[in-house]
Structures are given as structure tokens and as C-alpha cells.
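Colleague: Dropping a prediction and its sequence here:
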Amino acid sequence: MITFKVIKKSRKSKARLGVLKTPHGTVQTPAFVPVATQAAVKAMTSEDVLRTNTQMLITNTFHLHIRPGEKTVKAAGGIQKFMNLPKPFMTDSGGFQVFSLGFGKDFGMGKMLKNKSAEQITTGQQPKLLKISERGVLFRAYTDGREMFLGPKESIRIQEALGADIILAFDECTSPIADHEYTKRSMERTHRWADVCLREKKSRQALYGIVQGGKFKDLRIASAKFIGSRPFDGFAIGGEFGDDKKIMTKMLRWVMQELPEEKPRHLLGIGYLEDMPKIIAEGVDTFDCIVPTHYARRGVAFTSVGELNMMNTKFLNDRKPLDPKCGCEVCANGYTRSYITHLLKAREITPLRLLTFHNLFFFNQYVASLRDAVRRGKL
RNA sequence: GGGCGCUUCGCAUAGCGGCAAUUGCAUCUGGCUGUAGACCAGACGUCUUUAUGACUACGGGGGUUCGAGUCCCUCAGCGCCCA
């Protein structure tokens, strides 16, 4: 079980400070949640992760079900023991993969709509590689092509075996190009799945419901009302978030009003640095994002002066740390931009760890500064 | 002294009469928000009214041809072999 306590509410915004207690430790919220999809924060050891001040992690039902299988993780004593990382964990239900391996893949887009597409997804349409039905989703494993069925029952059963502190209801993350009708029907199915998840769960793990509804105000509100009325331990907000940041803020406003104040709220998959003050100001308590880890492996360092593309030759003779103002062990212990750029160009694997470490530390540090801003009444 | 071979966009390569010309690396740019992806995409001779456009280009010079990076002659540089 978890407990959540709001210890301070901002007067300037809907931001709040909270304490989330889980069987594997306490999380000071708002908190950033790094992503460990395949039971690894890519490029990092578990000890590394601890030293980045990470408070909680999220790993993935779909991927761990495919490989190594939840039985292996359960036999190891649960996700924390398996990973040798004694921290609070969430598991994503596999609902994002319904999108990312489905319509997301078909149309080559993420859940943020970047360029206006003429194409629309409408009722009855199915992704090329998946079959979505009332009971759940028929996937094909990318490892060996075998069929794999994942619905609310299966997802809960797998998540119970994985043993995270917080598990998520199985949902369909809808595409930004889904029309109102498709989004509505998908949302209603996600609601029915939410009730199945509540019924199926036997463990003492916390279960979060997931709000869908796409970019449509009526649907977002309906979804938040429905999910918010159910006895979940917390709430996650999923799905697409429009094509600009103003819409995201509006959407959060629609949704937050409908969710019980005393329970924790997790925003799924959002977390560019510039997003953080905005989402925290709307009352988000935790949020996960692949950006610091994913971008690290593309050679990007997040710093107090913006993003640096460390692949760029101009850094080859720059002997400053990634960020002179950063206190992380990469920056403070003498690793230079010059060295990291050299290693990246040489296609070594070491810089991927150095950048991931720095980025995670930097993200956590930034969120800590935002918690402090809320504490001091500045946010 | 003689013989043979090589010289193409930063480097390395392809090309064997219709070519602004292949591929790799490098370089630069763009993308990535509940991670299949240490990834993907684009540009890479110059100019402009960005086009089934102009100009300049495959070591230098000359020639054959409607047309030459491609064939011939010659010069230069590099390499190998025989003296």
C-alpha cells in the first residue's frame, strides 16, 4: 500500500508539495520518475541511478512480459530485487505500447502532434500490427513474432508478478490524429478496462487509474469524472497532449478539477525541462519521461545554458565540464566536454553513461529546485 | 635507362562513351515527451528569378566524337617491377 499526504498547497498556482510513502521508500513530490523500460535505466548501473537522486522509477509490463517474462522477475523477488535497486517503482501497464507499436508506428508519429496531418484515425480502424478488441489487445512480439495477448486482466496479473509499489490500469493511449468518435469509443473501453483492473487486482499494490480523452474537452472531463469516481489509489493522466504547450496546460486544468485532491496524480510521459514548472503548477505530483536518458544516448546534454549537442565538433577542444554549475559526479569530477565529445565520435559506450548520469542528476536537481520554489511560495 | 599501374566532391571508394557522377567515413542540420530502436531522416561543387535552370568540375594540356571522368597523344606527381 501507499500513503500520500499533501503538505503544502501553493497560493500562486495549483502546485502542491507532497509525501508519497511506499513499501520501498518515501518520495518527496513533485518528483521526476526516470524510465527503466526493460528493467534498466539504459547505460546505467543501479548504483549510478541511486547517485542521481532518483526517488522512484517506472518500468514496463509489456517489455518485461516479452522478455524475460514476469515469472523470472517474481522468482527473483520482485522488480527491486531483480534490478538490485531498492527504490519505489511503478509499472506501466502496456497501454502505451498499444499506441507506440500500433497507430504510432503506422503513422510514424509520437503522442505529440508536431506537424498537422491530413490523416485521421476513425472508428473501426485497426493498427496494422495489432488487433484491439473489447477484451484487450493482440500484439506480435518484436523479438520472435509470436502472438501476445494483453488486456486488463493479463496486465494486472503481470504487474502483480513484477511487484512494483504502484501499478497502472491497462488503457489505450490514443493517437493525436484519432478523431472524436474514435477517441470517445476508445476512452469508454479504457473505462471498462479500468473497472476490470480494479476487480482483478488481489495484491496490496497501489493501483492508479488512467484518464484518457485526447484533445477533446468533453471527453477529458468525462474521463476524469469517471476514473476519479473509482476507488483507485491514485490517478495517471495519459494519452496525447496536443500540438502545443498551451493545450497541454488547458487539458490538465480540465482534468485536475475532476480528480480527488487527496490522492496522488501522475502525468504520463511528459517532462521536458520547460514543461515541468507548468505541469507542477497544474497540480501534478509525479511524472515520468524518457527524455533525459533517451537524449543522452543521442549525445545531448541538458545544462543551465540549454541543450548541448555533444556530437558537435566545436566541443572537441572545450575543456569545461558539461555544465560548470552542475554538482553531479560527471561535472564535478573533471570529465570535460572535450573528452565526452571525443568518446561520442569514437562511438564508445562510456559517454552514454556519463551523459545519462548527468542528465538524470540535472533533471532531479531541477525538480528539487521547483519543490523548493513551491515551498517558498514562488510557484 | 626500360616496363607496367594509379591520380574522381575533406579522406576513402564506384564508374569502362549520355554524368553534377556511386558508396562508406567525416561534417552540418532536423526529429525524438507512459523507450523496440547507443536511433531515424535530410544536406553536402558554385550561383540564382530553386528549375525537366545556369555555370564550373573527375591531376595539367591537347585530340577523336553529336557527346569524354570514361577512348587517343603528351606532360606532371605517386607506386611497383626489371636494369
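Modeller: Structure's in. What do you need?
Colleague: give me the number of residues near A:K5?
Modeller: For A:K5, the count of nearby residues is 12 (other Cβ atoms under 10 Å). C-betas here are computed from N, CA, C, even on glycine.
Colleague: should've said A:N333
Modeller: 8.
Colleague: any idea how far it lies from A:L360?
Modeller: Per Cβ to Cβ, to the nearest Å, A:N333 is found 16 Å from A:L360.
Colleague: Could you grab the helix/strand/coil label for the most centrally placed residue in chain A?
Modeller: Among the residues of chain A, the one closest to the centroid is A:D288, at 3.1 Å (Cα atoms, centre = their mean). Using DSSP: H, G, I helix; E, B strand; the rest coil, the structure places A:D288 in strand.
Colleague: what's near enough to touch it?
Modeller: Contact analysis of A:D288 by Cβ atoms under 8 Å, 6 or more residues apart in numbering lists A:F32, A:V33, A:P34, A:V35, A:I58, A:M90, A:H266, A:L268, A:G269, A:G271.
Colleague: Repeat that for A:E261.
Modeller: So A:E261 contacts A:V6 (Cβ under 8 Å, 6+ apart).
Colleague: mind showing which ranges of chain A have poor pLDDT?
Modeller: Filtered on pLDDT under 70, chain A yields the residue ranges A:115-118.
Colleague: Farthest from the middle of it: give me that residue.
Modeller: Chain A, farthest from centre, Cα atoms, centre = their mean: A:N317 at 36.0 Å.
Colleague: Off-centre distance for the longest helix anywhere in chain A?
Modeller: Longest helix in chain A by number of residues (criterion: DSSP state H): helix A:350-375. In terms of Cα atoms, centre = their mean, to the nearest Å, the centre of helix A:350-375 is found 16 Å from the chain centre.
Colleague: what's the answer for stretch A:240-254, then?
Modeller: Centre-to-centre, stretch A:240-254 and its host chain are 17 Å apart (Cα atoms, centre = their mean).
Colleague: can you pull out the strands in the stretch 201-350 of chain A?
Modeller: Ranges of strands in the stretch 201-350 of chain A, per DSSP state E, counting those that start in this stretch, are A:206-211, A:234-237, A:265-267, A:286-289, A:300-303, A:306-309.
Colleague: List the contacts of stretch A:114-133.
Modeller: Counting by Cβ under 8 Å, 6+ apart, A:98, A:101-103, A:105-107, A:109, A:137-140, A:172, A:175, A:177-179, A:181-182, A:185, A:243 sit against stretch A:114-133.
Colleague: Looking at those, which are in helices?
Modeller: Using DSSP H, A:V98, A:K105, A:D106, A:E181, A:Y182, A:R185 are the members of the contacts of stretch A:114-133 that sit in helices.
Colleague: contacting residues around the first one?
Modeller: With contacts defined as Cβ under 8 Å, 6+ apart, A:V98 is in contact with A:L130, A:I132, A:V137, A:D171, A:E172, A:C173.
Colleague: in its sheet, what does the helix or strand that contains the second one sit against?
Modeller: Think A:I132. Assigned by DSSP states H and E, A:I132 falls within strand A:131-133. Here strand A:131-133 is paired, per DSSP bridges, with strand A:136-140 (antiparallel).
Colleague: In this structure A:F232 contacts A:Q205, no?
Modeller: No - A:F232 sits out of contact with A:Q205 when judged by Cβ atoms under 8 Å, with a separation of 11.8 Å.
Colleague: re the thing from before, in the longest helix of chain A, what's buried?
Modeller: By 16 or more other Cβ atoms under 10 Å, the buried positions in helix A:350-375 come out as A:351-368, A:370-371, A:373-374.
Colleague: what packs against it?
Modeller: Helices and strands touching helix A:350-375, by 3 or more Cβ pairs under 8 Å, 6 or more residues apart in numbering; DSSP states H and E, are strand A:16-22, strand A:31-34, helix A:46-51, helix A:276-281, helix A:291-296, strand A:300-303, helix A:329-332, helix A:337-345.
Colleague: Among these, single out whichever gets nearest to RNA strand B.
Modeller: helix A:291-296 (3.0 Å; Cβ to the nearest atom of the strand).
Colleague: ok now that closest one, how far from the chain's centre?
Modeller: Averaging C-alpha positions (Cα atoms, centre = their mean) puts helix A:291-296 13 Å from its chain's average.
Colleague: and what of stretch A:144-160?
Modeller: Centroid separation for stretch A:144-160 versus its chain: 19 Å, with Cα atoms, centre = their mean.
Colleague: Would that stretch count as contacting RNA strand B?
Modeller: No - remark: stretch A:144-160 sits outside contact range of RNA strand B, by Cβ under 7 Å from any atom of the strand, the gap being at least 9.7 Å.
Colleague: same deal with stretch A:203-216?
Modeller: Yes - figure legend: stretch A:203-216 in contact with RNA strand B (Cβ under 7 Å from any atom of the strand); contacting residues A:I210.
Colleague: residue of the stretch 51-200 of chain A with the smallest distance to RNA strand B?
Modeller: Nearest residue of the stretch 51-200 of chain A to RNA strand B: A:C173, at 2.1 Å (Cβ to the nearest atom of the strand).
Colleague: check contacts around that residue.
Modeller: A:G95, A:F96, A:V98, A:F99, A:S100, A:K111, A:Q212, A:G238, A:G239, A:E240, A:L268.
Colleague: now do 6 Å
Modeller: Shown in contact with A:C173 (Cβ atoms under 6 Å, 6 or more residues apart in numbering): A:G95, A:F96, A:F99, A:G238, A:G239.
Colleague: Please give the number of neighbouring residues around the third one.
Modeller: So the one you mean is A:F99. 26.
Colleague: repeat for the last one
Modeller: A:G239 has 31 neighbours, counted by other Cβ under 10 Å.
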